[in-house]
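> Just the structure for this:
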Amino acid sequence: MTRLLTLAALCLVLVSAAACREISPPTALPRVVAPRQPAAPATAPSPGGQPSNLVYQRFVLNPEPVYQELLVGAPQTGGMRSGRVVLLAGQEMARHSTKDNEEMLVFLKGKGRVVLGSEPILMEEGQALYVPPQNEHGIFNDGPGELRYMYIVAPAGR
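Numbering: from 1, shown residues only. Below is the predicted model:
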């Protein structure tokens, strides 16, 4: 079960990153970018249409309450982006659209509210939320403590 939740969380982070590309991280928090393995030079796509130069990457989450970008898309990935967001009490991630991307939100700490379209969805630590393409949503920390979550964004239909 833990392995499945971890895999779902990773997928969510990757899907959410693409949808969040057009928005900036919360301004009250310093931004920290995780060190990452350099991507190999671009090569021809494999028979499945994906770049053949993709390599695994291991990340360490910063324990500080900061926005942490993890995956940024090509050439680092085949289009997936991800990151970790920390919202302090009262902060929010502004409403944005997934556009043509799928997004997964994995909640790591605290309790929050995702407004998907006009529907409020209460989320908490240990839960994940899939956001389909073409959905506007925002994330709000209505609680007294930190809200930490990961987003995973990837192009839909691949």
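> from here on, contacts and neighbour counts on C-alpha atoms
Will do.
> Can you show me the helices along this structure?
Along the chain, counting by DSSP state H, helices occupy 2-19.
> any weak-confidence spans in it?
The model of the chain has pLDDT under 70 over residues 1-52, 158.
> In the protein, mark out all the strands, start to finish.
Taking DSSP state E as the test, the strands found in the chain are 31-33, 67-72, 81-87, 92-97, 101-109, 111-116, 119-124, 128-131, 136-140, 147-155.
> Columns distance to Gln57 and mean neighbour count on top of the ones you listed, output as JSON lines?
Below are the strands of the chain laid out as JSON lines (distance: least, CA to CA, whole Å; neighbours: other CA atoms under 10 Å):
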{"stretch": "strand 31-33", "distance to Gln57": "14", "mean neighbour count": "15"}
{"stretch": "strand 67-72", "distance to Gln57": "9", "mean neighbour count": "23"}
{"stretch": "strand 81-87", "distance to Gln57": "12", "mean neighbour count": "27"}
{"stretch": "strand 92-97", "distance to Gln57": "26", "mean neighbour count": "18"}
{"stretch": "strand 101-109", "distance to Gln57": "19", "mean neighbour count": "26"}
{"stretch": "strand 111-116", "distance to Gln57": "29", "mean neighbour count": "20"}
{"stretch": "strand 119-124", "distance to Gln57": "27", "mean neighbour count": "15"}
{"stretch": "strand 128-131", "distance to Gln57": "22", "mean neighbour count": "20"}
{"stretch": "strand 136-140", "distance to Gln57": "27", "mean neighbour count": "20"}
{"stretch": "strand 147-155", "distance to Gln57": "15", "mean neighbour count": "28"}
